[in-house]
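Engineer: Predicted model and sequence follow; I will ask about them next.
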Amino acid sequence: MKIPFFHKPKSSKELEVIRFVIKEFGYKPQRVSYFIEALTHKSAQIDSKQNISNERLEFLGDAILDAIVATWVYQKYPELDEGQLTKIKSKIVNRKSLASIGERMGIRNHLFYSQGRSINLSGLEGNAFEALVGAIFLDAGFDHTKKILINTVFRKHLNITKLLEEELDFKSALFIWCQRKHLHLVFEQVGEKFIDGKAIYEMEVQINRTSYGKGSGHSKKDAEQAAAKETLALMGEL
């Protein structure tokens, strides 16, 4: 005779965490303990024999988040060089950005911490967000975590266009603007002259073979930046 197997009923704490993760990440936890740990600040364990906090998961989540964002921007912006990709990645994973995502998610409403201490909740939210990324990675693997972050979290809580506009130079911003609208962008040299023995280059922006902004400078890069700036202004993007 088979003895029926009964799952242990979820506690109210576990159910609250599950509902939160489903709502904000679109993912149903398999091992809820990972997520409770991710939301537990070390201050909550001061008077407890259980030595649980989210610091280890935060460490793991930081590494996973860094790898996912690096992979994402590398694939999303093939025309950008290493320095530009680094700027974008740093802008997404910095403390301010992660704290903002955590605040938008309302993580503080689900944190387990000692309310009797003076604690910077904004910092806690950013750290807990990283810990939650670590929890999802342990629970579902890298590929699933990447899909969740890109398709759910970033779409809901990250204004990537605004971040790029704040961080990138005019040429990079124009490349991304054209990519978003599926337009073909080319920088064409249309002139070169010498003044007092120094070269002055003139570059022109061509989008789908139509001429737009022009710019000049002592190097082709400077001329391209000037042409890109003028083009963005013409498009109403500045």
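Structural biologist: Arrived safely.
Engineer: so where do the helices sit in this structure?
Structural biologist: In the chain, the segments counted as helices under DSSP state H are 12-25, 32-38, 55-76, 82-93, 95-105, 121-140, 142-148, 154-157, 160-167, 170-180, 220-234.
Engineer: Spatially nearest residue to Ala227, not counting backbone neighbours?
Structural biologist: With sequence-adjacent residues excluded and distances taken as CB to CB, 6 or more residues apart in numbering, Ala227 is closest to Gly215, at 3.5 Å. (Glycine included, C-beta is placed from N, CA and C.)
Engineer: residue contacts, the residue sitting nearest the centre point of the chain?
Structural biologist: Closest to where the C-alpha atoms of the chain average out (CA atoms, centre = their mean) is Ile92, at 3.7 Å. By CB atoms under 8 Å, 6 or more residues apart in numbering, the contact set of Ile92 is Val69, Val73, Leu158, Ile160, Leu163.
Engineer: again, only using 7 Å
Structural biologist: Val69, Leu158, Leu163 (CB atoms under 7 Å, 6 or more residues apart in numbering).
Engineer: repeat for Ser97
Structural biologist: Contacts of Ser97 by CB under 7 Å, 6+ apart are Lys91.
Engineer: what separates it from Ser90, distance-wise?
Structural biologist: Distance of Ser97 to Ser90, computed by CB to CB, to the nearest Å: 9 Å.
Engineer: swap in Ile18?
Structural biologist: Counting by CB to CB, the gap from Ile18 to Ser90 is 33 Å.
Engineer: These two: which has the busier surroundings?
Structural biologist: Taking other CB atoms under 10 Å, Ile18 and Ser90 do not tie; Ile18 has more neighbours (17 against 13).
Engineer: Give me the number of neighbouring residues for the closest residue to the more buried one other than its chain neighbours.
Structural biologist: In this structure, Ile18 finds its nearest non-sequential neighbour in Pro29, 5.7 Å apart by CB to CB, 6+ apart. For Pro29, the count of nearby residues is 21 (other CB under 10 Å).
Engineer: I'd assumed Val21 was in contact with Pro29.
Structural biologist: Yes. Counting by CB atoms under 7 Å, Pro29 does reach Val21; the two are 5.4 Å apart.
Engineer: shared neighbours of those two, which are they?
Structural biologist: Joint contacts of Pro29 and Val21 (CB under 7 Å, 6+ apart) are Phe35.
Engineer: returning to what we had before: could I get the contacts of Ile92 as JSON lines with neighbour count and distance to Lys193?
Structural biologist: JSON lines is the format used below for the contacts of Ile92 (neighbours: other CB atoms under 10 Å; distance: CB to CB, whole Å):
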{"residue": "Val69", "neighbour count": "21", "distance to Lys193": "43"}
{"residue": "Leu158", "neighbour count": "18", "distance to Lys193": "45"}
{"residue": "Leu163", "neighbour count": "16", "distance to Lys193": "38"}
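Engineer: Where does pLDDT dip in this structure?
Structural biologist: Where the chain drops to pLDDT under 70, the residues are 1-9, 45-50, 116-120, 161, 164-167, 238.
Engineer: can you list the domains in it?
Structural biologist: Here the domain parsing of the chain from automatic domain parsing is 12-159, 170-234.
Engineer: Pull the distance from the shortest one to the chain's centre.
Structural biologist: Right, domain 170-234. Here the centre of domain 170-234 is set off from its chain's centre by 29 Å, with CA atoms, centre = their mean, to the nearest Å.
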